[in-house]
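Chemist: Here's a sequence, model it:
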Amino acid sequence: MNNMVHKILIANRGEIAIRIIRACRELGIQTVAIYSEADRESLHVISADQAICVGPAQSSRSYLDIPNIISAAVLSGADAIHPGYGYLSERPEFAEICESHGILFIGPNSGQIERMGDKAKAKETMKAAGVPVVPGSDGPVSSKDELLRLAHEIGYPVIIKASAGGGGKGMRVARDEAQLLKGYTLARTEAGAAFGNDQVYVEKFIERPRHIEVQLLGDHHGHVVHFGERECSLQRRHQKVLEEAPSPVVSEELRQEMGLVAIKGAQAVGYRNAGTIEFLLDESQKFYFMEMNTRIQVEHPVTEMVYGIDLVKEQIRIAAGAELGYEQEDILPYSHAIECRLNAEDPDKGFLPSPGLIRKLHIPGGHGIRWDSHVYAGYTISPYYDSMFGKLICWGSDRDEAIDRMIGALSEIVVEGIQTNINFQQRLLNDSRFRKGDFSTKFIEEMFASE
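Modeler: Numbering: from 1, shown residues only. Below you'll find the predicted structure:
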């Protein structure tokens, strides 16, 4: 390992903080955890070499408080910060402040985050690089007249999206002029409230698409490689529920094409570190750029299981200046993997969050089973944060074996004290359409509508 990095502060919480601590431990790097007052008993606090409280329970006053986090890094002597996912991971100003304080930011530089974080700018960049994009506006829409003209040119249905958006916020589908005008007002209001930026853009709405993303790594020496694709179509309210790699509908030829296009897009911005380019795949196997995530993804473990690589270790090595050390032809998949996101929520009550004390917990084990989590028996899931309490990842020699192993592993889990979505995940896996690989981003919505 490059000796440039001695101590990493992890600007995050929960399972991703644990994931980073484990990678650092194997690389011989010391770790500093940050925590809110509500997270004092969290596993990442106990596991790190050092832990510093950065504020009260509310994320805005702790995990999003840049001055407090930078102070913690300086006080602890950390020479690098890993942002994980969510929180400050895609905030260019955070990366820039790290850079200005001489702290290594484990991720792309602030300029790359800014360029790819604005969806309209990202789309323009990808289009110029020859990456296929969904037909739509070249940037934010400035007026209702422009919106009506564009919708007429593109053809209904269209979708309005927040330029600085994510997670389904500031997003409206319109199938006619009336819906378009109403959706424009609602999307702008929602985007302004969620992101402090009410700009929106419009593009063609693709019916029954699949959400396919390509994992990339780029170093500081101009090398960019891809690690195949992840199938992320099983979503609820634009939030991923279950992911797998590889996709059951992507052929080897299409995989290579998507991978090369994704590399071309990353090279267009001189991208470095881990990143993911997300595509929409239509029913005729045409794919279109959707967005780029300039961070590690929640679902990164399925790629690790399939390709036998530790993406977090690679992030740290790349940030420290190391070369990738392998070529695209060296990267070969040798299995199938599925990840189920396990949430503290009640699917029978509209997925109502279910925070509380975990009284009893039993985790499955055995060949090809991985558990990424920060919880334990006696841990209290807080109402202040995301409801995900763990990720169960199962590997198989092929897709059928991975599915069967996941169904078996889910049946072994015991969680008492909170409601969970475990039974819901089992329903998804046992659905005949899922088995056949016949699904789209509308699958869960359609499943509920048929009941």
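Chemist: What residues sit buried inside stretch 151-158?
Modeler: Using 16 or more other Cβ atoms under 10 Å as the test for burial, stretch 151-158 gives 151, 154, 157-158. Any C-beta I mention is one placed from the backbone N, CA and C, and that applies to glycine too.
Chemist: Kindly reformat those as JSON lines containing secondary structure, pLDDT and distance to R19.
Modeler: Formatted as JSON lines, the buried residues of stretch 151-158 follow (DSSP: H, G, I helix; E, B strand; the rest coil; pLDDT from 0 to 100; distance: Cβ to Cβ, whole Å):
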{"residue": "A151", "secondary structure": "helix", "pLDDT": "95", "distance to R19": "43"}
{"residue": "I154", "secondary structure": "helix", "pLDDT": "91", "distance to R19": "41"}
{"residue": "P157", "secondary structure": "coil", "pLDDT": "93", "distance to R19": "39"}
{"residue": "V158", "secondary structure": "strand", "pLDDT": "95", "distance to R19": "38"}
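Chemist: State the distance from F389 to C98.
Modeler: When Cβ to Cβ, to the nearest Å is applied, the distance between F389 and C98 equals 29 Å.
Chemist: Touching, R435 and D404? I think so.
Modeler: No - R435 is beyond contact range of D404, at 10.2 Å (criterion: Cβ atoms under 8 Å).
Chemist: Could you list the alpha-carbon positions for whichever helix in the chain runs longest in PDB?
Modeler: Across the chain, the longest stretch assigned as helix under DSSP state H is helix 177-195. In PDB, the C-alpha atoms belonging to helix 177-195 read as follows (Å, rounded to 0.1, in the frame of the first residue of the first chain):
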ATOM      1  CA  GLU A 177     -50.300  19.200 -22.000                       C
ATOM      2  CA  ALA A 178     -52.400  19.500 -18.800                       C
ATOM      3  CA  GLN A 179     -50.200  17.100 -16.900                       C
ATOM      4  CA  LEU A 180     -47.100  18.800 -18.200                       C
ATOM      5  CA  LEU A 181     -48.000  22.200 -16.900                       C
ATOM      6  CA  LYS A 182     -49.100  20.900 -13.600                       C
ATOM      7  CA  GLY A 183     -46.000  18.600 -13.300                       C
ATOM      8  CA  TYR A 184     -43.700  21.500 -14.100                       C
ATOM      9  CA  THR A 185     -44.900  23.600 -11.200                       C
ATOM     10  CA  LEU A 186     -44.900  20.600  -8.700                       C
ATOM     11  CA  ALA A 187     -41.500  19.400  -9.800                       C
ATOM     12  CA  ARG A 188     -39.900  22.900  -9.400                       C
ATOM     13  CA  THR A 189     -41.500  23.400  -6.000                       C
ATOM     14  CA  GLU A 190     -40.300  19.900  -4.800                       C
ATOM     15  CA  ALA A 191     -36.800  20.400  -6.300                       C
ATOM     16  CA  GLY A 192     -36.400  23.800  -4.600                       C
ATOM     17  CA  ALA A 193     -37.400  22.400  -1.300                       C
ATOM     18  CA  ALA A 194     -35.200  19.200  -1.500                       C
ATOM     19  CA  PHE A 195     -32.100  20.600  -3.200                       C
END
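Chemist: Run through this protein and note the low-pLDDT ranges.
Modeler: 1-3, 166-167, 450-451 (pLDDT under 70).
Chemist: Now the longest helix of the chain: buried residues?
Modeler: Under the neighbour-count criterion of 16+ other Cβ under 10 Å, helix 177-195 has 179-180, 183-184, 187-188, 190-192, 194-195 buried.
Chemist: Residue nearest the middle of the chain, spatially speaking?
Modeler: Nearest to the mean C-alpha position of the chain, by Cα atoms, centre = their mean, lies Q297 at 3.5 Å.
Chemist: I'd like the distance between the closest residue to that residue other than its chain neighbours and R295.
Modeler: Take Q297 and drop its neighbours on the chain: the residue closest to it by Cβ to Cβ, 6 or more residues apart in numbering is T276, 5.3 Å away. Going from T276 to R295 by Cβ to Cβ gives 8 Å.
Chemist: do the same with I358
Modeler: 28 Å.
Chemist: more crowded one of those two?
Modeler: A count of neighbours by other Cβ atoms under 10 Å puts R295 above the other of I358 and R295, at 26 against 19.
Chemist: if I pick that one, what's in contact with it?
Modeler: Residues near R295 by Cβ atoms under 8 Å, 6 or more residues apart in numbering: 83-85, 89-90, 107, 274-275.
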